[in-house]
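Asker: how would this look folded up:
(chains A and B, ligands or ions: 1)
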Amino acid sequence: MIQFEYGCPGSLMETTSILRNNPEAVLLAGGTDILVRIKQGMIQPAMLVDIKSITELHGISSIEQNGLRIGALTTLTELVENDLIRNRCPVLSAAALSMACVQVRNRATIGGNVANASPAADTVPPLMAFDAELEIFADEDIKRVPIGEFFTAPGETVLQENEILTAILIPDTARKAHYIKHTLREAMDIAGVGVCVSRKTQGAPDPRVVLGAVAPTPIRVPAAEQFLSEGKIEEACAAAVDAARPIDDVRASASYRKDVIYPLVKRASYAVFAR
Amino acid sequence: MSTETEFSTIGKRVTKPDARDKATGRALYATDLVVPRMLYGKILRSKQIHAKIKNIDTSRAQRLPGVICVITAEDTPKIAYGFGKDNLPLKFGKVRSLMDEVAAVAARTPEIAAEALELIEVEYEPLREVTDPFEALKEDAPLIHEQRADNLSMVFDYVHGNIDQGLDESDHLVEGRFDVQFIAHSCLGPCASIAEWQTDGTLLMKTPTQVPFLYQRDMADVLGIAGSQVCVEQPYIGGGFGSKLDLYPYEVIAALLAKKAARPVKIEYDRQEEFLYSPVRSPMVMDVKTGCTKDGQLTVRVADIWSDNGAYNSWGAVTPLVSMQTASALYRVPHVHFYCRIIYTNNPYGGAMRGFGNPELTFAIEQQIEELAEICGMDPLEFRLLNANQPGETNLAGMKITTCGLSDCLNKSAEEVDYKKRMTEVGSDRGVGIASAIHVGGGARIYPSDGCGVIVRINDFGKVSIISGSTEIGQGSDTILTQIVAEELGVPVDWINVVNTDTDVRPWDVGVHASRTTFIAGNAALKAAREVKEKILETAAEILKEKPGKLTIKNGEIISIENPEKKLPLGKAIRSKHFRQGGSVISGEYYYDPPTVHQDKEWRGNISATYGFGAHAVDVEVDRETGKIKVHKVAAAHDVGRVINPVGAEGQVHGGVAMGLGYALTEQIQLDSGRMLNPNFTDYKIPTTMDIPEVVPIFVETNDPEGPFGAKGMGEITMVPTAAAIANAVYNATGVRIKSLPITPEKVLNALKAKEQK
Ligand SMILES: Cc1cc2nc3c(=O)[nH]c(=O)nc-3n(C[C@H](O)[C@H](O)[C@H](O)COP(=O)(O)OP(=O)(O)OC[C@H]3O[C@@H](n4cnc5c(N)ncnc54)[C@H](O)[C@@H]3O)c2cc1C
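Answerer: This next block holds a predicted model:
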């Protein structure tokens, strides 16, 4: 029988003290990743610490001029439906809508998607294309980490055992972005390749090109961004292909993943740069 | 042909009687069942794909608190079973695949049973494995079954005409290698059974089998008891698609555990186990050749096939019986050779699955039809119409084609996608494709009997009970029987109840397979109802002082045809039979076995009382840069004889097309050294509602003289031509022909790249 202890702290302080006393404990948000892995016997945590009662982790708010603060416990359904997100960062709503199914989206959280650190996580390429920062509660203090520095390997991040992701910050949403999730099925499918391209809506475009599911972590491709800022879309596509380090798995072969990066980056770039 | 308006319920949209229970979750499937004192059984599977079992130590498992008993082959009669007599419920001496059952535990809870499995120690001596059917045929290949000379389980060889002559007469010949993949039935209701021994020594199995009566015999044989000692009760069945056509080791193990524990034992699979341990649709490699004259007349067809059977013979091993009919009977071909090898490997073994060998070969044949049409410079639709089967023909395999709506199916489905015009359009990424199919529609005499018994009885208040040997697996057959009896008896459908009890009460039936239930059970029900009607009218005639022939029953009332004011409520007539000395029960029974024959040694003979035909026309779009295929529309025309219930018929089409789409595009069991890599619905990709295109069911009603109210079977054929039609449409859109299923974006993209390089 799968057995674990269950904790349900009401505050961040309480959470860290539980984590300090139980080095084996694992945080539980929506559970759509963690419970699946427990049931499959991939992990056997001694304790699950359910963070859903911590009010600070909920909520979506406006920050600075046109920035967003998205609480870690924001569900994918909220990302799809929330007006602030839909108006300021529609690509994130679209990415969330492309994920799983209604039932899973009702439970799954953005914090869980980020912290789970799957190379194929769908909210991550859009967040990286907006230079998002992660707000982390550590040692009774709040720190900020750029999302590009957060992932270290599949399933691994810089997050320490007693640290909690509290929110995702998008300092400036004044960008136009397009995310393409390439899958075999139209729903309930994990990205074979994910591509997000963005540009500033005012001034120099300062583009971002982010690839998901083609490397151990989602990656930005600075070379492609440089080409895009010079208006060289074909070269940008080629640079993206070069940067990818995909693997073969049950979802697609490495060579197929490489093959589709080019057209997908091209399409996302046209979508963003078209007038 | 009579018109619909003459019928009170045939052809009407009747809701399934079980719809409400299923929609509200009240219907009890095998997984839902619990019985008092029940234990939970779990099975230890082999960790080795091919190995000798040196030793099994169950002592630690036996000592675990909560474990009631542990069994291995040593606790069993070791009687091989299955039609190939090559499988044991618990393996002895050696294991041949990762599905193999090595030991089993019955415990108080499923968790304890699972924990106990971990405590069983098995010592293996690995043997060389073989998972490629071509390798398995080589001289130095390891033997899957040592007592055999080689790994060739069976060979099916069929000829009509003369191949050399056929080749000589061909102006054009196309050849190619096609391959189709392993797929899973993906029933929503996974395997689950409860075994319970009664005090009188009979075994009661609550199990979702498709063949309750054959099951009695198979179970009795493997346990070494009499058939009369096995009683089978079927709970609601959450889909079968052929996967529940055989008796499986897990069911025998439940019975063995229950015997040893002297308590009921339930074994149920979770989704992962369902993927890993239930039978599969076997893959095939098919070298196919088709020839025609320069004006498009088919001359010859040769199919040379290798089928990966896996480690044991279940019904997957005989799928060539139906592929053979695709070869001999789809269109009129004077010279045909079909040859298929069933090859043992260490892979998961094949079971029966909807279409049974037919979608496989149709995928190849229907692509070659298009290749030939192109060479001849003919419209592929015209080419097909020229060669289409015709009513009233007996073909060279001895199949008597009585009614046949193939040409209508082709024309109507083609029209729906504007085929003729779209076919010749160039320069777009859209394409159209079409494919035909033939399948048995009047039962299939695979066993010596193809019969089914039905009893119809009517009670004091006019309520009618149908007691049928046939099995409802979600396909809606109980509704069909209800409508047939309602129509014949002249009572409303909601006066009728189909009683689903056990094999002790129900009359015999060979099982739900071969698209046979509407046709076979329907005919039995019709004739049983007719007997009831005659008895009622006789009684009413006495009361109303009319000749029985002048009376009829309408809407539950007996009326005189000539003097409609002369009438009698049905219940009153029945009661008059009950409330008298020398009265009688009003019931009727019929055992219908169709006028067909078992095929002879050369595989000839009229195996089915009628044949179904169909054509699917599809409209697809191909993304040339990613290879992704989007299907916009499937127009599915089927000659079903007559539509008894449009809701059910449309449901079969929608379901068949969805299954066909999965087969064509996304579904594939991926194996690595016999181990399934994607045993879950995330990575084993059946289509979701978001993937289903517009599906247009079109029914061609040929009113078959042998069918109940003219109906033919249609369950399987609805998935048969889909993949071939899609492959043809992909070719029409892009100029590349994909001869391998599933047609993944990767295959399309690679083919497009190869074409560019040329
Ligand atoms: C059927 C199905 C389909 C899916 N489809 C997709 C898909 O299309 N795309 C996709 O990207 N994902 C998909 N997923 C994966 C999953 O749903 C998402 O990753 C989801 O966003 C995870 O969120 P959660 O709240 O459920 O995370 P949980 O399972 O609760 O947690 C995931 C991990 O993050 C950690 N964690 C959670 N919250 C925090 C926090 N605030 N601070 C620190 N650590 C934290 C947990 O400890 C755990 O390790 C699917 C899952 C299922 C079951």
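Asker: residues of stretch A:60-72 that come out buried?
Answerer: A:60, A:66, A:67, A:68, A:69, A:70, A:71, A:72 (16 or more other CB atoms under 10 Å in any protein chain shown). For the C-beta atoms, the positions are set from N, CA and C on the backbone; glycine is no exception.
Asker: all helices for the stretch 101-250 of chain A, in order.
Answerer: Secondary structure of the stretch 101-250 of chain A (DSSP state H, counting those that start in this stretch): helices located at A:102-107, A:110-116, A:124-129, A:222-229, A:233-243.
Asker: Please give me every residue in contact with residue B:746.
Answerer: Neighbouring residues of residue B:746 by CB atoms under 8 Å, 6 or more residues apart in numbering or on different chains: A:252, A:253, A:256, A:259, B:627.
Asker: Out of the helices of the stretch 101-250 of chain A, which is closest to residue A:171?
Answerer: When the helices of the stretch 101-250 of chain A are compared by CB to CB, helix A:124-129 sits nearest residue A:171, at 11.7 Å.
Asker: Show me what the mean pLDDT comes to for that closest one.
Answerer: For helix A:124-129, the mean pLDDT works out to 98.
Asker: Format the contacts of residue B:746 as a markdown table; extra columns: secondary structure, distance to residue B:105 and neighbour count.
Answerer: Formatted as a markdown table, the contacts of residue B:746 follow (DSSP: H, G, I helix; E, B strand; the rest coil; distance: CB to CB, whole Å; neighbours: other CB atoms under 10 Å in any protein chain shown):
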| residue | secondary structure | distance to residue B:105 | neighbour count |
| --- | --- | --- | --- |
| A:252 | coil | 40 | 25 |
| A:253 | coil | 40 | 16 |
| A:256 | helix | 44 | 22 |
| A:259 | helix | 49 | 23 |
| B:627 | coil | 48 | 25 |
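Asker: These: which two are farthest apart?
Answerer: A:253 and B:627 (12.0 Å).
Asker: Now stretch B:498-510: buried residues?
Answerer: For stretch B:498-510, a neighbour-count test (16+ other CB under 10 Å) marks B:498, B:500, B:503, B:506, B:507, B:509, B:510 as buried.
Asker: Helix, strand, or coil at the residue of the stretch 1-150 of chain B found nearest chain A?
Answerer: Nearest residue of the stretch 1-150 of chain B to chain A, counting by CB to the nearest CB: residue B:111, 3.5 Å away. Using DSSP: H, G, I helix; E, B strand; the rest coil, the structure places residue B:111 in helix.
Asker: Compute the number of surrounding residues for it.
Answerer: Applying other CB atoms under 10 Å in any protein chain shown, we find 15 residues neighbouring residue B:111.
Asker: How about the contacts made by the residue nearest to residue B:442 when sequence neighbours are not counted?
Answerer: Once flanking residues are discounted, residue B:442 sits nearest to residue B:609: 3.1 Å by CB to CB, 6 or more residues apart in numbering or on different chains. For residue B:609, the contacting residues are B:442, B:443, B:519, B:594, B:595, B:596, B:706, B:707, by CB under 8 Å, 6+ apart.
Asker: Against residue B:515, how distant is the fifth one?
Answerer: When CB to CB, to the nearest Å is the yardstick, residue B:595 and residue B:515 sit 17 Å from each other.
Asker: Neighbour count: the two, which is higher?
Answerer: The neighbour count for residue B:595 versus residue B:515, taken as other CB under 10 Å, is higher for residue B:515 (29 against 10).
Asker: ok, and the closest non-adjacent residue to the more buried one?
Answerer: Computed as CB to CB, 6+ apart, the closest residue to residue B:515 that is not its neighbour in sequence is residue B:713, at 3.2 Å.
Asker: which of the contacts of residue B:746 lies closest to the ligand?
Answerer: Here the nearest of the contacts of residue B:746 to the ligand, counting by CB to the nearest ligand atom, is residue A:252; it sits at 14.6 Å.
Asker: Name the residue of the stretch 451-600 of chain B that lies nearest to the ligand.
Answerer: The ligand sits closest to residue B:474 of the stretch 451-600 of chain B, with a gap of 24.0 Å, by CB to the nearest ligand atom.
Asker: okay, now that residue: neighbour count?
Answerer: Neighbours of residue B:474 under the rule other CB under 10 Å: 19.
Asker: residues touching it, list them.
Answerer: For residue B:474, the contact set (CB under 8 Å, 6+ apart) comprises B:237, B:238, B:239, B:240.
Asker: Okay, strands next: where are they in the stretch 51-200 of chain A?
Answerer: Taking DSSP state E, counting those that start in this stretch as the criterion, the stretch 51-200 of chain A contains strands spanning A:60-63, A:67-71, A:133-138, A:141-146, A:151-153, A:156-157, A:164-170, A:175-182, A:193-200.
Asker: list the helices and strands the third one packs on?
Answerer: Helices and strands touching strand A:133-138, by 3 or more CB pairs under 8 Å, 6 or more residues apart in numbering or on different chains; DSSP states H and E, are strand A:141-146, strand A:164-170.
Asker: Turn those strands into a markdown table, including mean pLDDT.
Answerer: Formatted as a markdown table, the helices and strands packed on strand A:133-138 follow (pLDDT from 0 to 100):
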| stretch | mean pLDDT |
| --- | --- |
| strand A:141-146 | 96 |
| strand A:164-170 | 98 |
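Asker: So the residue nearest to residue B:515 sits against residue B:443, correct?
Answerer: Yes. Contact criterion CB atoms under 8 Å: residue B:713 and residue B:443 qualify, at 7.4 Å.
Asker: Now the common contact residues for these two.
Answerer: B:514, B:516, B:519.
Asker: Phi first, then psi, for the last one.
Answerer: Right, residue B:519. Backbone torsions for residue B:519, taken as degrees, to the nearest 10, come to phi -70, psi -50.
Asker: cool, and the second one?
Answerer: For residue B:516, the backbone dihedrals are phi -100, psi -10 (criterion: degrees, to the nearest 10).
Asker: residues touching it, list them.
Answerer: So residue B:516 contacts B:440, B:442, B:443, B:444, B:450, B:452, B:510, B:713 (CB under 8 Å, 6+ apart).
Asker: which ones among these are found in strands?
Answerer: B:440, B:452 (DSSP state E).
Asker: ok, and of the contacts of residue B:516, which contact the ligand?
Answerer: Filtering these for proximity to the ligand by CB under 6 Å from any ligand atom leaves nothing.
Asker: can the contacts of residue B:516 go into CSV with extra columns for pLDDT and distance to residue B:147?
Answerer: Below are the contacts of residue B:516 laid out as CSV (pLDDT from 0 to 100; distance: CB to CB, whole Å):
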residue, pLDDT, distance to residue B:147
B:440, 98, 35
B:442, 98, 40
B:443, 97, 36
B:444, 97, 32
B:450, 97, 33
B:452, 98, 38
B:510, 97, 31
B:713, 98, 39
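Asker: Out of the contacts of residue B:516, which is nearest to chain A?
Answerer: When the contacts of residue B:516 are compared for distance to chain A (CB to the nearest CB), residue B:713 wins out at 31.1 Å.
Asker: how's the chain carved up into domains?
Answerer: Looking at chain A here, since you left the chain open. As recorded under automatic domain parsing, the domains making up chain A are A:5-50, A:56-170, A:176-273.
Asker: I was after chain B.
Answerer: If you go by automatic domain parsing, the domain ranges for chain B are B:4-27+B:451-592, B:33-127+B:190-237+B:244-277, B:284-445+B:599-757.
Asker: which residues does residue 112 contact?
Answerer: In the absence of a named chain, chain A is used. By CB under 8 Å, 6+ apart, the residues touching residue A:112 are A:29, A:30, A:32, A:33, A:34, A:72.
Asker: Switch to chain B, please.
Answerer: With CB under 8 Å, 6+ apart, residue B:112 has these contacts: A:1, B:40, B:64, B:65, B:66, B:67.
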